[in-house]
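Visitor: What follows is a predicted protein model with its sequence.
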Amino acid sequence: MSEQAITRFAPSPTGYLHIGGARTALFNWLYAKHTGGKMLLRIEDTDRARSTEGAILAILDGLRWLELDWDGEPVYQLTHAERHREIAEQLLAQGNAYRCYASPEELQAMRERARSEGRAPGYDGTWRHRDPAEAPAGIEPAIRFKAPRDGETVIDDRVQGRVEFANKDLDDLVILRSDGTPTYNLSVVVDDHDMDITHVIRGDDHLTNAARQTQIFKALGWDTPVYAHVPLIHGQDGAKLSKRHGALGVEAYRAMGYLPAALRNYLVRLGWSHGDAEIMSTEEMIAWFDLDAIGRSAARFDFAKLENLNGHYLRCTPDVEIVARLQALVPELPDGAALLKRIGETGWRKLEQAMPGLKERATTLVELLDNASFLFTARPIDLDEQARRLLDATARDTLGALLPRLEAVDPWSAEGLESTVKGFAEETGRKLGKVAQPLRAALTGRSISPGIFDVLEVLGRAESLARIGDQAHAVKSA
RNA sequence: GCCCCCUUCGUCUAAUGGUCAGGACGUCAGGUUUUCAACCUGAAAACAGGGGUUCGAUCCCCCUAGGGGGCGCCA
């Protein structure tokens, strides 16, 4: 077993907690637990213009929903700005940094020139040696780190392996803005050091930053943490994760009816594996998780697999817990308020009673709720005239005879309904399919293999169908 | 443009210098269930391309192609 690790999840509060961030948090959490260490939470809010209170809440909420707890209070990086500024001054005093008076226009021109000459568009080091006496008046300088120009910076990454960067490709980055505020790369180094972070697990979009941060660590005489840069998650088309492909906030996954346990299980298998293990408990994940087993190639997000896992977890979840989750979920749904009203006071009880049958058939909480809509349908049940017209005489008779019986089922448990419909089929000597087929075909305009749940679905939808019909002339069939 | 990373079934992935290249999701076909779902069984399905190294390469090296990331007084 490794030594106790102190990891950190360090999101910048400029948006929601997206799915890639959620996986990064999960990996940090798992590794901390695996080593018996801690995961700290640091909010990187040094970009004051883009950081918002709402984003902070969304991130904390998302982590809580995913049940990824952090140790101690969240650390707000902005509160350390003074310390960061002091370190910048120290680097300046040490000769590891210098004042730069270049204007934004000059920098822009510098980048364009470099690009046209086929060089990396970085800072050219103009003020590195230039006499500060030549500084233009009235300009507040930024402080740049004096990056080594020769040799190379190597990072031994637990995921990426040994990665070498030629120092000539790494320019002198700004560590303190002209307004006196620290920039990201300085803040991260100082905070990771001050917080005694032992392992930095983050997206591989930070790989180049790791090199720059390593240089700063060295200049300060501090040890670097262990790095583990995890490949990013791509969309289903292999391109960068877009909103259409799952780059949603975790709250969107909650709203779609996924369970946190299922999402965690899905996410942990994206880029990491433990032999053939697919479905694993949290305890197993913690026991098995290891940085070295993380793959180096990007993974595509696949909703189909997530759904499959969700269905599995749904079936394993106790009925009462599912009801509780639904109670929390419904208000967040688009038509939540109306639905809440429809469910009413007795609905939740019915729902719990019908749960054994419902959870077998649903893949998300939303789908489950949809399947259960027959439970909340007002009775007696109306049937749309259009549907009635489409039904042949036999089917109408069937429905007419069946509905009163269903009305009598109390409570409306799935089991009660099922046995009633089955009993009806037996008594009338008809095949169950014969009972449901015409109804289903007529009401949906499609011919699908009929089933008891099709019947139940029809009952649940009769109401809405009534609204759709042009000259809706709802007929009371009961 | 420059730097860095990646490439095994459609997708997530396993394993190995000699294997019938394994598992999972998805798909298809059966079975079970008087329907559906679940479940069970089976099938199709992959080492990006080209050079080396080697008795032998999916595995080691190089090149090409494709994909991704980075190149801010953003994080």
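Guide: Okay, I see it. Numbering: from 1, shown residues only, chains lettered A, B, ... in the order given.
Visitor: State the pLDDT value of the residue nearest to A:Asn308 when sequence neighbours are not counted.
Guide: Closest residue in space to A:Asn308, ignoring its immediate chain neighbours: A:Thr363 at 7.4 Å, by C-beta to C-beta, 6 or more residues apart in numbering. Where C-beta positions appear, they are placed from N, C-alpha and C, glycine not excepted. At A:Thr363 the predicted local distance difference test score is 93.
Visitor: Surely A:Thr363 is within a strand?
Guide: No - under DSSP: H, G, I helix; E, B strand; the rest coil, A:Thr363 sits outside any strand and is assigned coil.
Visitor: For it, give its distance to RNA strand B.
Guide: Applying C-beta to the nearest atom of the strand, to the nearest Å, the value for A:Thr363 to RNA strand B is 7 Å.
Visitor: and what of A:Ala5?
Guide: A:Ala5 is 21 Å from RNA strand B, by C-beta to the nearest atom of the strand.
Visitor: isn't that residue right up against A:Lys33?
Guide: No - under the criterion of C-beta atoms under 8 Å, A:Ala5 is not in contact with A:Lys33, lying 9.5 Å apart.
Visitor: Looking at the backbone only, give me phi and psi for the residue nearest to A:Asn308.
Guide: Torsion angles at A:Thr363 (phi, psi; degrees, to the nearest 10) stand at phi -110, psi -20.
Visitor: List the contacts of it.
Guide: A:Thr363 makes contacts with A:Glu307, A:Asn308, A:Asn310, A:Gly311, A:Leu314, as judged by C-beta atoms under 8 Å, 6 or more residues apart in numbering.
Visitor: Apply 6 Å and report the result again.
Guide: A:Glu307, A:Asn310, A:Gly311 (C-beta atoms under 6 Å, 6 or more residues apart in numbering).
Visitor: A:Ser178 too?
Guide: A:Glu140, A:Ala142.
Visitor: cutoff 7 Å now
Guide: A:Glu140, A:Pro141, A:Ala142 (C-beta atoms under 7 Å, 6 or more residues apart in numbering).
Visitor: cool, and A:Arg158?
Guide: Per C-beta under 7 Å, 6+ apart, neighbours of A:Arg158: A:Val226, A:Tyr227, A:Ala228, A:Leu291, A:Asp292.
Visitor: which one of the contacts of A:Thr363 has the most neighbours?
Guide: Among the contacts of A:Thr363, the one with the most neighbours (other C-beta atoms under 10 Å) is A:Asn310, at 26 neighbours.
Visitor: A strand includes A:Arg162, no?
Guide: Yes - the assignment for A:Arg162 is a strand, going by three-state DSSP.
Visitor: Please determine whether stretch A:123-139 lies in contact with RNA strand B.
Guide: Yes - Stretch A:123-139 reaches RNA strand B (C-beta under 7 Å from any atom of the strand) through A:Tyr123.
Visitor: where does the stretch 51-200 of chain A have low pLDDT?
Guide: Along the stretch 51-200 of chain A, the parts satisfying pLDDT under 70 run over A:118-119, A:135.
Visitor: for the closest residue to RNA strand B within the stretch 201-350 of chain A, helix, strand, or coil?
Guide: For the stretch 201-350 of chain A, the residue closest to RNA strand B is A:Ser297, as judged by C-beta to the nearest atom of the strand, at 2.8 Å. Classification of A:Ser297 using three-state DSSP returns coil.
Visitor: Quick one: neighbours of it, just the number.
Guide: 7.
Visitor: Could you measure from the spatially most distant residue from the centre of chain A over to A:Glu106?
Guide: When distances are taken from the C-alpha mean of chain A, A:Ala133 lies farthest, 52.3 Å away, according to C-alpha atoms, centre = their mean. Look at A:Ala133 and A:Glu106: by C-beta to C-beta, to the nearest Å, they are 18 Å apart.
Visitor: Please narrow the contacts of A:Arg158 to those residing in strands.
Guide: If you go by DSSP state E, the contacts of A:Arg158 have A:Val226, A:Tyr227, A:Ala228 in strands.
Visitor: ok, the closest residue to the first one other than its chain neighbours to A:Asp319 distance?
Guide: Using C-beta to C-beta, 6+ apart and skipping residues adjacent in sequence, the residue nearest A:Val226 is A:His199, 4.8 Å away. Counting by C-beta to C-beta, the separation of A:His199 from A:Asp319 is 40 Å.
Visitor: between those two, who's got more neighbours?
Guide: Set side by side, A:His199 and A:Asp319 show more neighbours around A:His199, with 23 against 15, by other C-beta under 10 Å.
Visitor: Is A:Ile175 in a helix, a strand, or coil?
Guide: strand.
Visitor: Then the one 4 residues further on?
Guide: Remark: A:Asp179 carries the secondary structure label coil [criterion: three-state DSSP].
Visitor: now swap in A:Arg149 and tell me
Guide: Quick answer, by three-state DSSP: A:Arg149 is coil.
Visitor: Likewise for the one 4 residues further on?
Guide: Taking three-state DSSP as the rule, one finds A:Thr153 in the strand state.
Visitor: from what I can see it touches A:Asn167, true?
Guide: Yes - taking contacts as C-beta atoms under 7 Å, A:Thr153 lies within contact range of A:Asn167: 5.9 Å.
Visitor: and the two? which has more neighbours close in?
Guide: Set A:Thr153 next to A:Asn167 and count neighbours by other C-beta under 10 Å: A:Thr153 wins out with 20 against 16.
Visitor: where's that one relative to A:Gly15, distance?
Guide: 31 Å.
Visitor: one step back: and the residue of the stretch 201-350 of chain A closest to RNA strand B, what are its phi and psi?
Guide: The phi/psi pair for A:Ser297 (degrees, to the nearest 10) reads phi -110, psi 150.
Visitor: Report the contact partners of the residue lying closest to it once chain neighbours are set aside.
Guide: The shortest distance from A:Ser297 to any non-neighbouring residue, by C-beta to C-beta, 6+ apart, is to A:Pro231 (5.9 Å). Taking C-beta under 7 Å, 6+ apart, we find A:Pro231 in contact with A:Asp204, A:Gly271, A:Gly295, A:Arg296, A:Ser297, A:Ala298, A:Ala299.
Visitor: Let's have these in JSON lines, adding pLDDT and distance to A:Ala337.
Guide: Below are those laid out as JSON lines (pLDDT from 0 to 100; distance: C-beta to C-beta, whole Å):
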{"residue": "A:Asp204", "pLDDT": "94", "distance to A:Ala337": "43"}
{"residue": "A:Gly271", "pLDDT": "95", "distance to A:Ala337": "39"}
{"residue": "A:Gly295", "pLDDT": "95", "distance to A:Ala337": "45"}
{"residue": "A:Arg296", "pLDDT": "95", "distance to A:Ala337": "47"}
{"residue": "A:Ser297", "pLDDT": "94", "distance to A:Ala337": "45"}
{"residue": "A:Ala298", "pLDDT": "93", "distance to A:Ala337": "41"}
{"residue": "A:Ala299", "pLDDT": "94", "distance to A:Ala337": "38"}
